[in-house]
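>>> quick one: sequence and predicted model below, then my questions.
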Amino acid sequence: MKNTLTLTFFIFSLVSACILAASTAHADSFGGGANQFDISFVSIGDPNNPDDTTGEPNPAGKVEYAYRMGKFEISRDMITKANNGGGLGITMDVLGIVTAGARDDMPATGVSWFEAATFVNWLNTSQGHQAAYNFDGAGNFQLWTSAEAWQTGGENLFRHKDAFYFLPSMDEWYKAAYFDASSNTYFNYPTGSDTAPAAVASGTAPDTAVYDQSLSQGPADITLAGGLSPYGTVGQGGNVYEWEETERDLLNDSSLSARGFRGGAWNLNSDFLLWSGRFDVAPRNGFFNIGFRVASIPEPSTVLLGALATGGLLVWRRR
């Protein structure tokens, strides 16, 4: 009995450590030397959460697995360093409309869906992972076969099943923005509220977002793009629109079909931040107020948590 209690205590200690690790933001590093940069992620747990049947599309937001969402939008500096380190050739809008000019820590805009996918592929391959998206030798985007494609939660011919980093799907993006696990409900805005957040040009105060600003103001730096969502992401409402991985009709079965984007932008009103606002555009096009963020599979500690918890229960029952 003593050995069983000791093992149970050991497992409990490991589970506690995993919970602590999984509940905090973690940054992954890419590149090297002068071209090194970090991407911070927050854990999105609560698998098999309910769908929202009031938003756009309907239903939306149910995700059957844990994952990580980029805490911030991808910055101009990250794209520049990835271009330098990987020879990606991704172009960004120069933001000539912004009076003070573009800053390195502003979100990368003017990036097409195909270019965002190229960036994500480099994140994977530079770390020894499988590329998420299938570009042929001529640089044309192709679907994966059913055997190669992501199957968890439904077949997704855009994403490879072994990808570590990827663009967030419609459901992954929607859940991270609008779902509150503590109350098991969806909010209208990505700030944990059904009331429009206060409009700001920059900052991190709770229940604020970067919108209703002049075009010449430009977006805020990615770390100053408003208050947090319930899961701890920044800027999913306002600042700049963000690409979804998912195509307009949600099927992901056509390489050239329009892709979804959502979230609103600094130069628009609060209506565009709402759960009901989803738009689409051709994946080869980039726009001055559309950026993106990156998602990922869970950290090993998050996966281990479930296994250890199960193991602990088995030990207790055998006692």
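All right, it came through fine.

>>> mind checking the SS state of the residue nearest to Gly110 when sequence neighbours are not counted?
For Gly110, ignoring the flanking residues on the chain, the nearest one in space by Cβ to Cβ, 6 or more residues apart in numbering is Asp93 at 2.8 Å. Placement of C-beta: from N, CA and C, glycine included. Secondary structure for Asp93, judged by DSSP: H, G, I helix; E, B strand; the rest coil, is coil.

>>> quick thing: my sequence starts at 311, can you match it?
All right, first residue 311 from here; so that's Asp403.

>>> residues in contact with Asp403?
419-420, 596-598 (Cβ atoms under 8 Å, 6 or more residues apart in numbering).

>>> let's see that with 10 Å instead.
Neighbouring residues of Asp403 by Cβ atoms under 10 Å, 6 or more residues apart in numbering: 386, 412, 418-421, 596-601.

>>> save those as a markdown table, and put in pLDDT, secondary structure and neighbour count too.
Listed next are those as a markdown table, based on pLDDT from 0 to 100; DSSP: H, G, I helix; E, B strand; the rest coil; neighbours: other Cβ atoms under 10 Å:
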| residue | pLDDT | secondary structure | neighbour count |
| --- | --- | --- | --- |
| Arg386 | 99 | helix | 23 |
| Ala412 | 97 | coil | 17 |
| Ala418 | 99 | coil | 28 |
| Thr419 | 99 | coil | 27 |
| Gly420 | 99 | coil | 20 |
| Val421 | 99 | coil | 25 |
| Gly596 | 98 | coil | 22 |
| Phe597 | 98 | coil | 16 |
| Phe598 | 98 | coil | 20 |
| Asn599 | 98 | coil | 22 |
| Ile600 | 99 | strand | 26 |
| Gly601 | 99 | strand | 32 |
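
>>> nearest to Gly528 among those?
Among the contacts of Asp403, Ala412 lies closest to Gly528 (Cβ to Cβ), at 7.5 Å.

>>> quick one, what contacts Val544?
By Cβ under 10 Å, 6+ apart, the contact list for Val544 reads 350, 352, 380-383, 500, 514, 519-520, 530, 532-538, 603.

>>> out of these, list just those in strands.
If you go by DSSP state E, these have 350, 352, 380, 519 in strands.

>>> just put those residues in TSV and tack on neighbour count, pLDDT and distance to Gln440.
Formatted as TSV, those follow (neighbours: other Cβ atoms under 10 Å; pLDDT from 0 to 100; distance: Cβ to Cβ, whole Å):
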residue	neighbour count	pLDDT	distance to Gln440
Ser350	17	98	23
Val352	21	98	23
Gly380	26	99	19
Ala519	29	99	35
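
>>> show me which of the residues you listed is closest to Trp483.
Using Cβ to Cβ, those come closest to Trp483 at Gly380, 10.4 Å.

>>> contacts only, for that closest one.
Residues near Gly380 by Cβ under 10 Å, 6+ apart: 335, 338, 349-352, 475, 478, 486, 532, 543-546, 552, 602-606.

>>> low-confidence bits of this structure, can you list those?
Along the chain, segments meeting pLDDT under 70 span 311-334, 610-629.

>>> narrow the contacts of Val544 to those that are buried.
350, 352, 380-383, 500, 519-520, 530, 532, 534-538, 603 (16 or more other Cβ atoms under 10 Å).

>>> great, nothing more from me.
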